[in-house]
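Visitor: My questions are about this predicted structure, shown below with the sequence.
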Amino acid sequence: MIVQPQLIALCIKQDRKAEYELYKLTYSYLMSICMRYSRDKDTASESLNMGFLKILKNLTTYKPEIPFKAWIRRVMVNTLIDEYRKNKREREKVTYVEEYYDSSDFSDVNEALSRINYNQLLTQINLLPEATKKVFNLFAIDGYSHKEIGEMLMISEGTSKWHLNAARQKLKEYIENSVLTRI
Amino acid sequence: MSFEEEFDNIIRRKAEEEHYPFDQNNWDKASGLLDAERKAASLLKLKRFYLPAVLLVILGSAGFVTYSVLDAKQPENELALVTAPAVPSEMITQKPIETIQSNPETPLNENINTHSNTSASSAVTALEIVNSFKKHTVGGKNVNTPFEKKSASIHEENSIAATGADPGLSNAANNGDSGSKQDPSPVNGSSVPPLSNNPVVYQPGSSEILQVQQNPSDKKVTESTDRTVVLSDESVSTSAEEIISTEQLAIVYVNLPFEISDKEIASAPFMYLKRYDDDYYKNTNTPKKQYLNVEAGGNYLLGWNAKKGKDGQGLNWFAGFNYGRYVCPKTSISLGIQMYNISNIKQPFYLISTKEYGFGSKNIYTRVSSNQLYYVAIPLKLNYSINSSNVIGLGFNAAYLVNAENTIEKYYLLDNEEKSISSSTSYNKGIYKGTRMTNLMLSAHYKTQIGNRIGLNLEFNYGLTDLFNNTDLVKTEEKPMGARVSLTYTLFDK
């Protein structure tokens, strides 16, 4: 995905054709983010549109020294997290358990994971509890720290770690059951 | 790389490799959203511009209507001068007369002659006598009545307010029907033109009858140059009973209890002087113009949502002065000066982490909490009196931050360590960079008088400003909203 500065400049001027071009260019990347955070494709599409509006609205604040891809990723993730925070019904009260899983048996799982289809994996990620899914996405895929996640989701760092481990464990169980048993 | 990290990397790589084909329908939806948002934004811009204009128009209209209603209570005052009743032409003299002794036995001309020789220190001309006369009644009838009708028509024709001796009435006076006597003897050395059926032309600046014009056919009041007004001889039909006797005229004149300035004399033919109202001096209920009160009370803030629950919630204090001016008897605008605080802030608004490298590295986290903020404010209020003891209104409060009390916490974390190795807490006063210097609030208030000078004021405030400009790590909106209860003491209200 290469976005020319001229295209950004035209988007700032609210040129509809340029906006369309930018949408087309970023669609796949933004959709991949939205799909991980949303329940289904429709919700992901809605979130994508919301995020894209935010991107257009904040283009004036974009600094060229930051990679555009990283910038739109951040805006998109923030939009998704905002949506999550607004939707209080989705917020789950998770009992915080200070428990760490043994990671010694991840070697087999990782091997199996590299062979697994992404869509299957995505389905499993989407089956995770909402807060757990958010933490896993933010930490494992989008590269946020537990501290940042804690502030974004208004949870403590410990809770964030717990969610991450819970997510990993559930995914590991799935991989073990679906892939390793077949082997 | 640990297995967990590798696990995450594989998933990340898979997620990034995934391709989603472009969906035109999605763009159509996004395009629609974009249009809607831009339309809403442009409307908002218009609102920002038009709202103050609309408010201004509403306030202006309200003020105008209120003024008109008040003004409508004294319509005859304004029109009265045009309806000046018959006055013997001898009364119109350009020289001021100081005092006229009331002597019913003496004819008016003699009175005038007598007093014209005295010094003219008091600037009262006979012209004002004409003015003062309009309210006088003779034989139980109000002399004004027939003339007012005429004056109204004059007013409608946009002619200027003017006075003149009506020839018909003058005739009657000449004939001695009302007991007045006419003597063509000179007044102040100048000869007085005889009264006739001809219209009398009066030149306002000179207070002198300039000429007599014959204009029998025209019944309208016409305006000529130099604001000379001609009244036709048939324009008013007045019976002899309605003519005021010269003796009464003299009495009224003598009883005038004030001096009249030159300015008033100059404008006398064109406006009715309120002081000629019999009740003018009796009316002590003059409208109030201004007030000053001192106010102090408590302010309960509802707080705002912060990371660890509600913050800023609790009781604060405020005190100040309000100076108000009435724009009309029921409406006033007040401007004041206030001091207030916002306390009970416990959570940090500023959180920053820095890395320090030595043997290994450690993270330094600094948290700043401004626990108490002190403001100086200018409250602007629009007040409406429901009755003498209840007032409602809307306002705007602009405040400037003058000081703050802060808590600074620092703690150190070694890399890959969960617990802080050391921490320190300090307190100071001053304003940190992330704190906004202004606080703007909208208010609605209700005030009730509980004593002669003491009032109870209830006010609801809605904060427009985010008090802190947070860092990326702390994202909360701190807008103060709450209710104030205060006592006001009126220093003056007059």
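Guide: Good, I have the coordinates. From a predicted model like this one, the values you see are computed outputs, not experimental measurements. Numbers count the residues shown, from 1 in each chain, chains lettered A, B, ... in the order given.

Visitor: what's the next secondary structure element after the one helix or strand in chain A whose mean pLDDT sits lowest?
Guide: In chain A, the helix or strand scored least confidently by mean pLDDT, DSSP states H and E is helix A:106-113, which has a mean of 69. Beyond helix A:106-113 on the C-terminal side, the first helix or strand identified by DSSP states H and E is helix A:118-127.

Visitor: after that following helix comes which helix or strand?
Guide: Using DSSP H and E, the helix or strand that follows helix A:118-127 in sequence is helix A:130-136.

Visitor: Do the helix or strand just after that next one and chain B come into contact?
Guide: Following helix A:130-136 in sequence order, the next helix or strand is helix A:146-153 (DSSP H and E). Yes - residues of helix A:146-153 contacting chain B under Cβ under 8 Å from any Cβ of the partner chain: A:147-148, A:151. Backbone N, C-alpha and C define where each C-beta goes, glycine included.

Visitor: where exactly do the helices run in chain B?
Guide: For chain B, the helices defined by DSSP state H cover B:3-17, B:24-72, B:75-79, B:108-116, B:126-133, B:144-156, B:167-174, B:246-254, B:262-267.

Visitor: hmm, who's touching stretch B:385-399?
Guide: B:329-332, B:338, B:340, B:375-384, B:438-449, B:459, B:461 (Cβ atoms under 8 Å, 6 or more residues apart in numbering or on different chains).

Visitor: and the longest helix for chain A?
Guide: Longest helix in chain A, counting residues (DSSP H): helix A:16-37.

Visitor: centre of the chain versus the very next helix or strand once past it, how much separation?
Guide: Scanning forward in sequence from helix A:16-37, with DSSP H and E defining helices and strands, the next element found is helix A:41-57. Shown here is helix A:41-57, whose average C-alpha point lies 13 Å from the average C-alpha point of the whole chain (Cα atoms, centre = their mean, to the nearest Å).

Visitor: Out of the residues of helix A:146-153 next to chain B, the closest to chain B would be?
Guide: Minimum distance to chain B across the residues of helix A:146-153 next to chain B is 5.7 Å, recorded for A:Glu151 (Cβ to the nearest Cβ).

Visitor: In this structure that closest one contacts B:Ala306, no?
Guide: No - using Cβ atoms under 8 Å as the test, A:Glu151 is too far from B:Ala306 to be in contact (11.4 Å).

Visitor: what about residue 25, how many neighbours?
Guide: In the absence of a named chain, this looks at chain A. The local packing count at A:Leu25 equals 18, with neighbours defined by other Cβ atoms under 10 Å in any protein chain shown.

Visitor: Chain B was what I was after
Guide: Residues within reach of B:Asn25, counting by other Cβ under 10 Å, total 8.

Visitor: And for B:Tyr489?
Guide: Counted with other Cβ under 10 Å, the burial measure for B:Tyr489 works out to 13 neighbours.

Visitor: Could you double-check that it lies in contact with B:Val294?
Guide: Yes - counting by Cβ under 8 Å, a contact exists between B:Tyr489 and B:Val294, whose distance comes to 5.1 Å.

Visitor: quick one: low-confidence parts of the chain?
Guide: Went with chain A since none was named. Chain A contains residues with pLDDT under 70 at A:88-109, A:179-183.

Visitor: Chain B is the one I meant
Guide: The model of chain B has pLDDT under 70 over residues B:1, B:46-49, B:51, B:67-285, B:355-362, B:414-422, B:471-475.

Visitor: Please report the number of neighbouring residues for A:Leu56.
Guide: Should you count by other Cβ under 10 Å, A:Leu56 turns out to have 21 residues around it.

Visitor: ok, it - contacts?
Guide: Counting by Cβ under 8 Å, 6+ apart, A:Leu56 makes contact with A:11, A:19, A:22, B:34.

Visitor: So which of the residues you listed is the closest to A:Lys69?
Guide: Looking at the contacts of A:Leu56 and their distance to A:Lys69, the nearest is A:Leu22, at 12.3 Å (Cβ to Cβ).

Visitor: With adjacent residues omitted, what lies nearest to the closest one?
Guide: Of all residues beyond its chain neighbours, the one nearest A:Leu22 is A:Cys11 (5.5 Å), with distances taken as Cβ to Cβ, 6 or more residues apart in numbering or on different chains.

Visitor: And what about that neighbour, helix, strand or coil?
Guide: Taking DSSP: H, G, I helix; E, B strand; the rest coil as the rule, one finds A:Cys11 in the helix state.

Visitor: Contact partners for it?
Guide: When contacts are counted by Cβ under 8 Å, 6+ apart, A:Cys11 is found next to A:18-19, A:22, A:56, A:59.

Visitor: Could you list the alpha-carbon positions for stretch B:317-329 in PDB?
Guide: Extracted in PDB, the C-alpha atoms of stretch B:317-329 (Å, rounded to 0.1, in the frame of the first residue of the first chain):
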ATOM      1  CA  TRP B 317     -16.900  27.500  47.300                       C
ATOM      2  CA  PHE B 318     -17.300  30.700  45.400                       C
ATOM      3  CA  ALA B 319     -17.800  34.400  46.200                       C
ATOM      4  CA  GLY B 320     -18.100  37.700  44.300                       C
ATOM      5  CA  PHE B 321     -19.800  40.900  43.300                       C
ATOM      6  CA  ASN B 322     -22.400  41.500  40.700                       C
ATOM      7  CA  TYR B 323     -23.200  44.900  39.200                       C
ATOM      8  CA  GLY B 324     -26.400  45.100  37.200                       C
ATOM      9  CA  ARG B 325     -28.100  47.600  35.000                       C
ATOM     10  CA  TYR B 326     -31.800  47.500  34.100                       C
ATOM     11  CA  VAL B 327     -32.500  47.500  30.500                       C
ATOM     12  CA  CYS B 328     -36.200  47.800  31.300                       C
ATOM     13  CA  PRO B 329     -38.000  47.400  34.600                       C
END
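
Visitor: and the stretch 251-400 of chain B, which of its residues are near chain A?
Guide: Within the stretch 251-400 of chain B, the positions lying close to chain A (Cβ under 8 Å from any Cβ) are B:Lys307.

Visitor: What distance do you get for the residue in the stretch 251-400 of chain B positioned nearest to chain A to B:Ser423?
Guide: Per Cβ to the nearest Cβ, the residue of the stretch 251-400 of chain B with the smallest distance to chain A is B:Lys307, at 6.1 Å. If you measure B:Lys307 against B:Ser423 using Cβ to Cβ, to the nearest Å, the figure is 18 Å.

Visitor: Comparing these two, which residue is more hemmed in?
Guide: Comparing B:Lys307 with B:Ser423 by other Cβ under 10 Å, the one with more neighbours is B:Lys307, at 16 against 12.

Visitor: For A:Val77, give its distance to chain B.
Guide: Relative to chain B, A:Val77 is positioned 13 Å away (criterion: Cβ to the nearest Cβ, to the nearest Å).

Visitor: you'd agree that residue is in a strand?
Guide: No - the secondary structure assignment for A:Val77 gives helix rather than a strand, going by three-state DSSP.

Visitor: Looks like it contacts A:Ile33 (just checking).
Guide: Yes - contact between A:Val77 and A:Ile33 holds when scored by Cβ under 8 Å: they sit 6.6 Å apart.
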